[in-house]
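Trainee: what shape does this take:
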Amino acid sequence: MALIAPSILSADFANLQRDVEMINRSEADLIHVDVMDGRFVPNISLGLPVCAAIARHATKPLDVHLMMIEPEKYIREFRKAGADRITIHIEACANLHSGIMLIKETGALAGVAVNPHTPVELLVDILPDLDTVLLMSVNPGFGGQQFIGRTYSKVKRLAEMRESAGLDFTIGIDGGVSLSNAPALVAAGADVLIAGSFIFNAPSPEQAISELKKTTG
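Mentor: Residues are numbered from 1 along each chain as shown. The predicted structure is shown next:
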């Protein structure tokens, strides 16, 4: 089965502890934390204090996604705030390898995110250093967007690159994930499914997580 990572961006921020505790009880594997700087993406979301607050209540690993310019300035601080996995964008880094090495130096798992328009082939020289690759299946910055269909072919290409190089990084999908596309994404090679609106807009978010998990088995 694929790993399920509810995106806390879609949670009720007035009841954040409640929603984190729901994820703790659920069949989810990770808690996905989107950090936006208002520069790399046209939105601003939670920062270090909120990440640290989530970590105090979480019993599952924090998967922190830095959608920001110059993420290397904040990698150590997010690790201290509780991040277990840290992902940075290839489009936002002047020196991607340096950023990945810094993440690894902190002891966190290191990932690179790729926007919908960015070819996965640009990652070929960094793949051996990665624990995960995150494919954006929507344009980053806002929740609730429609899934971009071209993502399937990108997953397949990346999975082929992984196999041909004999590597074992995970492939994550972020944006518009639901019951309708989860099985096909896993069949194409995805290992981690990040879902926000599908989970938190459901009548029972915990049941939505369970249903999503079952579709990937």
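Trainee: can you tell me how far the residue of the chain positioned farthest from its centre sits from residue 113?
Mentor: Most distant from the centre of the chain: residue 164, at 24.0 Å, with distances by C-alpha atoms, centre = their mean. Distance, residue 164 to residue 113, using C-beta to C-beta, to the nearest Å: 22 Å. The C-beta positions use only the backbone N, C-alpha and C, and glycine is treated the same way.
Trainee: also residue 167?
Mentor: Using C-beta to C-beta, residue 167 is found at 17 Å from residue 113.
Trainee: got the buried residues for the helix or strand hosting residue 104?
Mentor: Counting by DSSP states H and E, the element that carries residue 104 is helix 96-106. Residues 96, 99-100, 102-103 are the ones in helix 96-106 that count as buried (16 or more other C-beta atoms under 10 Å).
Trainee: make TSV from those residues and add distance to residue 132 and pLDDT to it.
Mentor: Shown next, in TSV, are the buried residues of helix 96-106 (distance: C-beta to C-beta, whole Å; pLDDT from 0 to 100):
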residue	distance to residue 132	pLDDT
96	14	96
99	14	97
100	11	98
102	16	98
103	11	98
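Trainee: give me the low-pLDDT residue ranges for the protein?
Mentor: Counting by pLDDT under 70, the chain contains low-confidence ranges at 141-145.
Trainee: which residues of it fall in strands?
Mentor: For the chain, applying DSSP state E gives strands covering 3-6, 31-36, 62-67, 83-89, 109-114, 132-136, 170-174, 192-195.
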